[in-house]
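Student: Prediction below, plus the sequence it came from.
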Amino acid sequence: MTKRRRLIVGITGASGVVYGVRLLEALKDQDLETHLILTRAARLTIAYELDRSVDEVEALADRVHPLADVGACVASGSYRTLGMVIAPCSMKTLAAIATGLTDNLLTRAADVVLKERRRLVLLPRETPLHLGHCRNLVAVTEMGAIVAPPVPAFYARPKSIDEMVDHTVGRVLDLFDIDAELAHRWREHAPSSS
């Protein structure tokens, strides 16, 4: 029997919860098992930024883990996953990961992904950045994480926020070799120069 591949999705309370939600939507069409962890602040931000409830967001995942459940399967290195995406990643969560503070399931799962040398992709949402933010970004990068700020690709000539979000989500999934056909590829459909 072939086991389904697994991906952990964390959503924090930073602005931009749409990235995590769209990621879950895109993964519905893939042969993947998704594990969702929401912070308390993420639950509030969902209410502020989206026209859907926390229950509707949780319904997009195959499994939802309570933030306080540090004994959940995703807290163990023996539980095999492709890795984890935190979209968006607050500066608080970034700082916790950078310093090895694992006081909740989200940061514990991220720590496990790093120690097992799996892929951890963080979409930090803050601007401008102070030196402490920059140092934490360097620290997580040196630990093996991939920092992928949700920066729009204007060469794709997006016509809506949804198109900008899709492009970012598509590029994040590329990092796991998952092609959800969301990203506009540079020069893939360019007219010939002849």
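Tutor: Everything's here; your move. Being a predicted model, the structure only gives us computed values, none of them experimental.

Student: Run through this protein and note the low-pLDDT ranges.
Tutor: Per-residue confidence for the chain (pLDDT under 70) gives these ranges: 1-2, 187-194.

Student: Show the residue spans covered by the helices in it.
Tutor: If DSSP state H is used as the criterion, the helices of the chain fall at 17-27, 40-49, 54-58, 91-99, 105-115, 131-143, 161-174.

Student: Next, count neighbours for Arg4.
Tutor: Burial of Arg4 is recorded as 10 neighbouring residues (other C-beta atoms under 10 Å). The way it works is simple: take the backbone N, C-alpha and C, and place the C-beta from them, glycine included.

Student: burial count for the closest residue to it other than its chain neighbours?
Tutor: By the measure of C-beta to C-beta, 6 or more residues apart in numbering, the closest residue to Arg4 outside its immediate chain neighbours is Glu33, 4.6 Å from it. Glu33 has 17 neighbours, counted by other C-beta under 10 Å.

Student: unless I'm mixing things up, Glu33 is touching Leu24, no?
Tutor: No. Contact between Glu33 and Leu24 fails when scored by C-beta atoms under 8 Å: they sit 11.9 Å apart.

Student: any common contacting residues for these two?
Tutor: Shared contacts of Glu33 and Leu24, defined by C-beta atoms under 8 Å, 6 or more residues apart in numbering, are not found at any residue.

Student: how far away is Ala96 from Asn136?
Tutor: Using C-beta to C-beta, to the nearest Å, one obtains 9 Å as the distance from Ala96 to Asn136.

Student: repeat for His35
Tutor: Using C-beta to C-beta, His35 is found at 24 Å from Asn136.

Student: which other residues reach stretch 155-172?
Tutor: Counting by C-beta under 8 Å, 6+ apart, the neighbours of stretch 155-172 from elsewhere in the structure are 18-19, 22-23, 26, 85, 87, 121, 123, 148, 150-153, 179-184, 186.

Student: That stretch: which residues count as buried?
Tutor: Of the residues in stretch 155-172, those buried by neighbour count under the rule 16 or more other C-beta atoms under 10 Å are 156, 158, 163-172.
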